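Undergrad: Structure for the following, please:
(chains A, B, C, D, E and F)
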Protein chains: 4
Amino acid sequence: MTTLAERRKELLDSMMKEAVYEGAVAVLTRHGLSGTTMDRVAAESGMAKGSLYNCFRSKQELLEFVHDRAIAPLRAAIDEVVDGPLNAAEKLTAIVRLWREYLVEHQAVFEFLINDVAAKQRLRDTELTARASAIRQIGAIIRQGIQEGTFRPVDADAAAQMLISAAIGMVEQEFATGERRTVDDAVESLTGIFLYGLAAPPVAQAASL
Amino acid sequence: MTTLAERRKELLDSMMKEAVYEGAVAVLTRHGLSGTTMDRVAAESGMAKGSLYNCFRSKQELLEFVHDRAIAPLRAAIDEVVDGPLNAAEKLTAIVRLWREYLVEHQAVFEFLINDVAAKQRLRDTELTARASAIRQIGAIIRQGIQEGTFRPVDADAAAQMLISAAIGMVEQEFATGERRTVDDAVESLTGIFLYGLAAPPVAQAASL
Amino acid sequence: MTTLAERRKELLDSMMKEAVYEGAVAVLTRHGLSGTTMDRVAAESGMAKGSLYNCFRSKQELLEFVHDRAIAPLRAAIDEVVDGPLNAAEKLTAIVRLWREYLVEHQAVFEFLINDVAAKQRLRDTELTARASAIRQIGAIIRQGIQEGTFRPVDADAAAQMLISAAIGMVEQEFATGERRTVDDAVESLTGIFLYGLAAPPVAQAASL
Amino acid sequence: MTTLAERRKELLDSMMKEAVYEGAVAVLTRHGLSGTTMDRVAAESGMAKGSLYNCFRSKQELLEFVHDRAIAPLRAAIDEVVDGPLNAAEKLTAIVRLWREYLVEHQAVFEFLINDVAAKQRLRDTELTARASAIRQIGAIIRQGIQEGTFRPVDADAAAQMLISAAIGMVEQEFATGERRTVDDAVESLTGIFLYGLAAPPVAQAASL
DNA sequence: AATGAATGAGGATTCATTCAT
DNA sequence: GATGAATGAATCCTCATTCAT
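TA: As a prediction, this is how the structure comes out:
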């Protein structure tokens, strides 16, 4: 018996949350994080402000939901890559590409997404932020590469952090300056440096052969 | 004639601004950017709210002052490195070290400093933000390295952006997780990857066979 | 369907606005226009400051409402006279009487009403101010009189402006000096001069010689 | 001995007040009454805010001074007319002309001047306001006219009040609508009505001769 | 006497949250 | 459960007035 009612409730609840998600993203896009008020989210979601509070205990909780909800597809896509058959360098490249595409697509809520409201305000569950989980996964890939012998034995977590930071920074830069690069160009630029570094290959080594 | 009165006035003014700077940093540290109200800054600086407005036309202006004031020493130190006699790789390493030391030291206002209030709220003079100027300078150094033949011919500005983003990301990571690395370790980790990449040198492998 | 909820809402809304009107008039009376703060209006109206802003977007809008609300009965009464069957001189007299009664009755908010906040701050719709609409209507009546041949061919709008200004001035004078005249006396005094002028009739003089 | 010092002091004082007058008028013109702050007046007058308070006990007092000072020339000119040899109708016309010229010339501070700050805020000495003294003088002239037999025996003070109110109203109207009339036209329009009224001369009387 | 920095009460406005219907 | 009016603390900013120099 309860099953029926429960399912119904859950369904309604998730429909409402979906509406809230879309409304919140619209508001975030139009008014920025500081301009995102419960009033506006309610209006944009087509529901009463009070209903927002039936769904979420506080604005903080609502924003965390929106954040997680927005991040979910990216995380899923990355999971697929991570569990896939590619080698370390290819996985890294694929992930960088996913991040880049994701960031560009969500430009409007970029700041909100990247600056990780949840994390900032009371870093609840660090593992939930897109960045944190990306770092863990990338770290694992780098370790894989090191084990495979294709990567140098670096501090994998530090490298992962740098990689993701650099990816974000690159997109931020593009947004700030307004110039837009092609995906291929951007991804290559980033992975090129991370895989091969800035230093020119030492001629001496070649000569020693 | 004016010297007397002017000197006095300037002195008092700079003393007040110093007090405001310290008060603001304290508030920023304790309450975060969004918790930084004029009331709190006034109280923390030991002056009346109105006096803040005798000194700064608006909260925005006050925050810009604090930001610039906080960033100034780092910029000066980097300028010195840039204009110095080191080669490109050494300069890069030195700058990464300066950034790291600076960020760790100013941990408290980190978010505020890096997220560049000024830039966010109405990107005044983009060149004035610490990050932007660092990118320009690092870009120049990379170009220098390319010309010297010690760096590969990469997109210098993109690389600079990545480098600075990675440096910031690294410190953010440390703050978030609580683990603290030594300066040498961190700097080496970062420059190691940026200079030599993740990929294991294929030549050495070939030679070792 | 909507009727139920809508009626209720409208009723509540108009009750609130009524309360605001009365509160605002009380504050206006006690503290004058410049002493009329949102805090005081809220307190006097028996509601929270925030509720005022649920009803009116700004202080300006609230004041405009109070103004219009206060002016409405007078305008309606004048409309009735204008559309009535009286001749021009009678209409003028009737209108002057209405104005006078109205001004005396609303002495407390006199300054506020006459100095036309709305007009002053951003003359929205000039036609809405009591004075402006009175001038238009009186102008029409004077033109009617001119056509009827009972009035001299004067500049009707200028005359209307003078008439209304004089009516207001007369009441202002009474308020300032504290002496109160009877309605009949005051109206006769005003219409007497406007209809027949100050100059003694020359015909009588000629006849008396 | 004191004479010398006293004269000096008085001279300096009146020079300062002159400067304040000009500064205040400039500020009033540029920022309106509500935008007229002591800071701005001090700056515009080229003196320190503190000095303003050596000269005037309060802002109120300063504004009263400015008001009176601005009104003085008009009052003097009217005095001349009043004491002159003209007959009542001519005096009235002359005074209306003076008012009109004065109002147009001081358009910028019109509101301030006419709405009589001093009177409004605590009608100190009613006789000092331009309007009040004008009314007294015009009342005297009308009484003169009545005695001369050229005016009908009306309530002189009420008529005077109406006349001055109508004059002010006429100019206000012009300012509001933007259309500007010639002095002659405006004065004639006003005096025409006040002297001869709106009513057409009764044909019946002429016929009865 | 002149100065202008310091004061702090006061004002308009916003918004997360509650709660009666 | 849904609604949205009510709340009032919190925020930024202004400005007349004082007073130490």
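Undergrad: how about the residues of chain A near DNA strand E?
TA: A:34, A:35, A:36, A:37, A:38, A:39, A:49, A:50, A:53, A:58, A:59, A:60 (Cβ under 7 Å from any atom of the strand). For the C-beta atoms, the positions are set from N, CA and C on the backbone; glycine is no exception.
Undergrad: Could you restrict these to the ones contacting DNA strand F?
TA: Applying Cβ under 7 Å from any atom of the strand to the residues of chain A next to DNA strand E, those adjacent to DNA strand F are A:49, A:50, A:53.
Undergrad: now those residues as a markdown table including neighbour count and secondary structure?
TA: Listed next are those as a markdown table, based on neighbours: other Cβ atoms under 10 Å in any protein chain shown; DSSP: H, G, I helix; E, B strand; the rest coil:
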| residue | neighbour count | secondary structure |
| --- | --- | --- |
| A:49 | 14 | helix |
| A:50 | 9 | helix |
| A:53 | 15 | helix |
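Undergrad: Return the member of those residues nearest to residue A:153.
TA: Taking Cβ to Cβ as the measure, residue A:153 lies nearest residue A:53 of those, at 52.4 Å.
Undergrad: so what's the residue in chain A that chain C sits nearest to closest to, chain neighbours aside?
TA: Nearest residue of chain A to chain C: residue A:39, at 10.4 Å (Cβ to the nearest Cβ). Leaving aside its sequence neighbours, residue A:39 sits nearest to residue A:49 (Cβ to Cβ, 6 or more residues apart in numbering or on different chains; 6.1 Å).
Undergrad: Is the one you found in contact with residue A:37, as I believe?
TA: No - the criterion here is Cβ atoms under 8 Å, and residue A:49 misses it with residue A:37 at 9.4 Å.
Undergrad: burial count for residue A:39?
TA: 11 (other Cβ atoms under 10 Å in any protein chain shown).
Undergrad: And for stretch A:105-115, what's in contact with it?
TA: Outside stretch A:105-115, the residues that touch it by Cβ atoms under 8 Å, 6 or more residues apart in numbering or on different chains are A:25, A:28-29, A:32-33, A:67, A:70-71, A:103, A:130-131, A:168, A:171-172, A:175, B:115.
Undergrad: taking those one by one, which sit in helices?
TA: Counting by DSSP state H, these place A:25, A:28-29, A:67, A:70-71, A:103, A:130-131, A:168, A:171-172, A:175 in helices.
Undergrad: quick one: which of those is most hemmed in?
TA: Busiest of the ones in helices among the contacts of stretch A:105-115 [other Cβ under 10 Å] is residue A:28, holding 26 neighbours.
Undergrad: Only the buried residues of stretch A:157-168, if you could.
TA: Across stretch A:157-168, burial judged by 16 or more other Cβ atoms under 10 Å in any protein chain shown covers A:157, A:158, A:159, A:160, A:161, A:162, A:163, A:164, A:165, A:166, A:167, A:168.
Undergrad: where are the low-confidence patches of chain A?
TA: Residues of chain A that meet the criterion pLDDT under 70 lie in A:1-2, A:4, A:115-128, A:200-209.
Undergrad: Could you check how far the residue nearest in space to the middle of chain A is from residue A:70?
TA: Geometric centre of chain A, nearest residue: residue A:130, 4.0 Å, by Cα atoms, centre = their mean. Distance, residue A:130 to residue A:70, by Cβ to Cβ, to the nearest Å: 9 Å.
Undergrad: And residue A:133, by the same measure?
TA: 14 Å.
Undergrad: same thing with residue A:52?
TA: From residue A:52 over to residue A:70 the distance is 18 Å, taken as Cβ to Cβ.
Undergrad: Residue A:187 too?
TA: 22 Å.
Undergrad: now do residue A:33
TA: When residue A:33 is compared with residue A:70 (using Cβ to Cβ), they lie 13 Å apart.
Undergrad: Same check on residue A:25?
TA: Distance, residue A:25 to residue A:70, using Cβ to Cβ: 7 Å.
Undergrad: Over to residue A:148?
TA: To residue A:70, residue A:148 is 34 Å away according to Cβ to Cβ.
Undergrad: what's the answer for residue A:103, then?
TA: 11 Å.
Undergrad: Residue A:90 too?
TA: Taken as Cβ to Cβ, the span from residue A:90 to residue A:70 is 27 Å.
Undergrad: Same question for residue A:145.
TA: Using Cβ to Cβ, residue A:145 is found at 30 Å from residue A:70.
Undergrad: thinking again about what came up before, what is the nearest of the residues of chain A next to DNA strand E to residue D:181?
TA: For the residues of chain A next to DNA strand E, the nearest to residue D:181 is residue A:35 (50.3 Å; Cβ to Cβ).
Undergrad: can you pull the contacts of the closest residue to that closest one other than its chain neighbours?
TA: Distances taken as Cβ to Cβ, 6+ apart put residue A:27 closest to residue A:35, at 7.5 Å, once the chain neighbours are dropped. By Cβ under 8 Å, 6+ apart, the contact set of residue A:27 is A:35, A:36, A:37, A:40, A:41, A:44.
Undergrad: Surely residue A:21 touches residue A:66?
TA: Yes - contact criterion Cβ under 8 Å: residue A:21 and residue A:66 qualify, at 5.6 Å.
Undergrad: what's around residue A:30, how many residues?
TA: The burial count for residue A:30: 12, using other Cβ under 10 Å.
Undergrad: does whatever helix or strand residue A:16 lives in come close to DNA strand F?
TA: Assigned by DSSP states H and E, residue A:16 belongs to helix A:2-31. Yes - if you take Cβ under 7 Å from any atom of the strand as the test, helix A:2-31 does meet DNA strand F, through A:9, A:12, A:16.
Undergrad: Tell me how many other residues surround the second one.
TA: Read it as residue A:12. Neighbourhood size, residue A:12 [other Cβ under 10 Å]: 10.
Undergrad: same deal with the first one?
TA: Residue A:9 sits with 11 neighbouring residues when counted by other Cβ under 10 Å.
Undergrad: can you check the one 4 residues further on too?
TA: Using other Cβ under 10 Å, residue A:13 has 12 other residues around it.
Undergrad: what residues are up against the nearest residue to it once chain neighbours are set aside?
TA: Nearest residue to residue A:13 in three dimensions, chain neighbours excluded: residue A:55, at 7.1 Å (Cβ to Cβ, 6+ apart). Counting by Cβ under 8 Å, 6+ apart, residue A:55 touches A:13, A:16, A:17, A:20, A:62.
Undergrad: So the last one sits against residue A:41, correct?
TA: So the one you mean is residue A:62. Yes - counting by Cβ under 8 Å, residue A:62 touches residue A:41, with 7.1 Å between them.
Undergrad: where do the contact lists of those two overlap?
TA: When contacts are counted by Cβ under 8 Å, 6+ apart, residue A:62 and residue A:41 have A:20, A:24, A:52 as shared neighbours.
Undergrad: ok, of those residues, which come out buried?
TA: Among the shared contacts of residue A:62 and residue A:41, those classed as buried by 16+ other Cβ under 10 Å are A:20, A:24, A:52.
Undergrad: which residues touch the first one?
TA: If a contact means Cβ under 8 Å, 6+ apart, then residue A:20 has A:41, A:45, A:47, A:52, A:55, A:56, A:62, A:65, A:66 as its contacts.
Undergrad: re the thing from before, now distance to residue A:193 too, for the contacts of residue A:55, in JSON lines please.
TA: Compiled in JSON lines, those are given as follows (distance: Cβ to Cβ, whole Å):
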{"residue": "A:13", "distance to residue A:193": "46"}
{"residue": "A:16", "distance to residue A:193": "45"}
{"residue": "A:17", "distance to residue A:193": "41"}
{"residue": "A:20", "distance to residue A:193": "41"}
{"residue": "A:62", "distance to residue A:193": "39"}
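Undergrad: any idea which of these is closest to residue D:76?
TA: Nearest member of those to residue D:76, counting by Cβ to Cβ, is residue A:62, at 71.5 Å.
Undergrad: how much space between that closest one and residue A:48?
TA: When residue A:62 is compared with residue A:48 (using Cβ to Cβ), they lie 14 Å apart.
Undergrad: That's all I had, so thanks and see you.
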